[in-house]
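Novice: can you look at this prediction? I've put the sequence above it.
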Amino acid sequence: MNNTPSDNGLPGNAEFQPGGVAERWLDAVFDGLTGTGSGGRRALAEIEDHLRESVTDGIGRGLERTEAERDAVTRIGPPERVARGIRATHRNLARPVLTGTWLLAGASMLALGVSTMLTAALQVTIDGHLDRNVCTVIRSPTSAPVPCGAGGAWHLGAEGLALVGIGLVVLGTLGILRRFTKMRAVSWLPRRRALAVTAVLFALVSLYLLGTPYTTFARQYKSESVLIPMGCAVVATAAAMLVPVWAARLRQSRSI
Amino acid sequence: MPSVLGMDLRGHLDLLLLACLHQCGPVHGYALIAALRETSAGAFDLPEGTVYPALHRLERDGLVSSEWDATAPRRRRVYALTPDGLAAVADRGRQWCAFATAMQLVLSKIHLAADL
C-alpha cells in the first residue's frame, strides 16, 4: 500500500461535526441514492471515508475543522452530481424494463398460442357431438349458412402453433443473448450488438400480431380500413427499433 | 463531466484510472485521486466525487477488483487491476499513444503554418 496523505503521522480520520457541512453533504448524497441497492450503500461508505481523510488532511494543513469540512466537500463536488454518477452506475431501469418487456411478450405469445391450440383441439374434439346447424358462420347475407366444423379448428390450431413458435423463439433468443458480467451480475438486454436482433424480432412480431386480425377475419372486417392495423404495425416497429437505440445511446452518454 | 485544460474528460477517465492503478498498485480511492493529481503535475485535479462511480463501473465491467482493507485504521475499499484490466490498459494505452502522436503531427504543422 502506497503512502497516502493521511499516513504522515496525523491522528486517525477526523470525525465530522454533528450537523456540520460534511454530514449535511452526505445526507444530500444519501437522498439521491434511492434504488441503487448495495452498490449505492457501498459507494456512500467509501465516499464518507474519503471525506474523513480529506477533512483530516485539511486539519493537517492548518485549517479549522469547519473550514476543513467545507474544503473537503468543495473538492469532492456537488452532492447531486455525485449521487447522479452513482445512480448511473448502479441504477439503470431502461434495460431491465426492456428485458422485462421482452420476457413478457414471449411469455404472452406462448400462453396465447397454447390457449389457441387448446381451443382448436376442443373444437375438433367436441365438434362431432354438436348439432351442426347450431354452429354456423354466415359468410355473406345472400349465401346459405355453412356449418363451422373441424376445418376452421385446424386453421385455428395452426395459428396457435405459430404463436407458440414465435413465443419460443422470443424466449429462446432472450436466453441465448442473456449474459452475466465478470462480477456475476445480470447484464440486461439489449446489449449494443443485440440491438439489431431485438429490433428485427420485435418488428416481425408486431407485424404479425397487428396484421393477424385483419388477415384472419378478412371477410368480416372487409369494410374496415387496412390502414389502421398497418399503421399500428409501423408505429410498433418504429418504437421497437428506436427504444433500444435510445437506451444504448443514453447509457453511452452517461459513461465517463 | 469535468473538463481539464479545456478538454472534456469524457471517455478518458477510465484509462487514466486504470493507468494509475497499474502504476500505484492496490490503493483506495483517496490515494488514487492524489496519485493522479501528482502524476499529472496537477493537470488532472478532478472533482473527487467523479472517481468512485468510475471505479464502480470499472469493477462492474471486470477491469478492477476491490475489497475492504481490514488492516487500515478505518475500513477502506482498496482497488486493484484485474488481468482483464491490465490487458485493457495496455491496449487502450497503445491506442491513445498512437492517437496522440497523430494529433501532434497534425497540430505541429498547423503551429508551423501559424508561425509563417
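Specialist: That came in fine, so what should we check first? Numbers count the residues shown, from 1 in each chain, chains lettered A, B, ... in the order given.

Novice: what about the residue in chain B that chain A sits nearest to, neighbour count?
Specialist: Across chain B, no residue is closer to chain A than residue B:62, which sits at 2.9 Å (CB to the nearest CB). (Glycine included, C-beta is placed from N, CA and C.) For residue B:62, the count of nearby residues is 17 (other CB atoms under 10 Å in any protein chain shown).

Novice: wait, is it part of a helix?
Specialist: No - counting by DSSP: H, G, I helix; E, B strand; the rest coil, residue B:62 is not part of a helix but coil.

Novice: wait, doesn't it sit right on residue B:82?
Specialist: Yes - if you go by CB atoms under 8 Å, residue B:62 and residue B:82 touch, sitting 6.1 Å apart.

Novice: return the backbone torsion pair for the residue of chain B closest to chain A.
Specialist: As for residue B:62, its main-chain torsions (degrees, to the nearest 10) stand at phi 80, psi 10.

Novice: state the distance from it to residue B:90.
Specialist: The spacing between residue B:62 and residue B:90, counted by CB to CB, to the nearest Å, is 16 Å.

Novice: what is whichever helix or strand residue B:109 is part of packed up against?
Specialist: Element membership for residue B:109 (DSSP states H and E) is helix B:83-115. Using 3 or more CB pairs under 8 Å, 6 or more residues apart in numbering or on different chains; DSSP states H and E, the elements in contact with helix B:83-115 are helix B:13-24.

Novice: for the helix it packs on, C-alpha coordinates in CSV please.
Specialist: In CSV, the C-alpha atoms belonging to helix B:13-24 read as follows (Å, rounded to 0.1, in the frame of the first residue of the first chain):
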residue,chain,number,x,y,z
LEU,B,13,-11.2,9.0,-17.1
ASP,B,14,-11.4,5.2,-17.3
LEU,B,15,-8.0,5.0,-19.0
LEU,B,16,-6.5,7.4,-16.5
LEU,B,17,-7.7,5.5,-13.5
LEU,B,18,-6.6,2.1,-15.0
ALA,B,19,-3.2,3.6,-15.7
CYS,B,20,-2.8,5.0,-12.2
LEU,B,21,-3.8,1.7,-10.7
HIS,B,22,-1.3,0.0,-12.9
GLN,B,23,1.4,2.4,-11.6
CYS,B,24,0.4,2.6,-8.0
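
Novice: adjacent strands (with direction) for the next helix or strand after it?
Specialist: Next helix or strand after helix B:13-24 toward the C-terminus (DSSP H and E): strand B:27-28. With DSSP bridges as the test, strand B:27-28 is paired with strand B:76-81 (antiparallel).

Novice: now the strand it pairs with: how far from the chain's centre is it?
Specialist: Using CA atoms, centre = their mean, to the nearest Å, the distance from the centre of strand B:76-81 to the centre of the chain it belongs to is 15 Å.

Novice: quick one: buried residues of it?
Specialist: With burial defined by 16 or more other CB atoms under 10 Å in any protein chain shown, the residues of strand B:76-81 counted as buried are B:76-79, B:81.

Novice: any idea of the mean pLDDT in the helix holding residue B:109?
Specialist: Across helix B:83-115, pLDDT averages out at 83.

Novice: same question, stretch B:27-44
Specialist: For stretch B:27-44, the mean pLDDT works out to 88.

Novice: next one: residue A:160 from chain B, what distance?
Specialist: Using CB to the nearest CB, to the nearest Å, residue A:160 is found at 42 Å from chain B.

Novice: swap in residue A:154?
Specialist: With CB to the nearest CB as the criterion, residue A:154 and chain B are 52 Å apart.

Novice: does residue A:109 touch residue A:167 like I think?
Specialist: Yes - counting by CB under 8 Å, residue A:109 touches residue A:167, with 3.5 Å between them.

Novice: count residues in the vicinity of residue A:101, would you?
Specialist: Quick note: residue A:101 (other CB under 10 Å) scores 13 neighbours.
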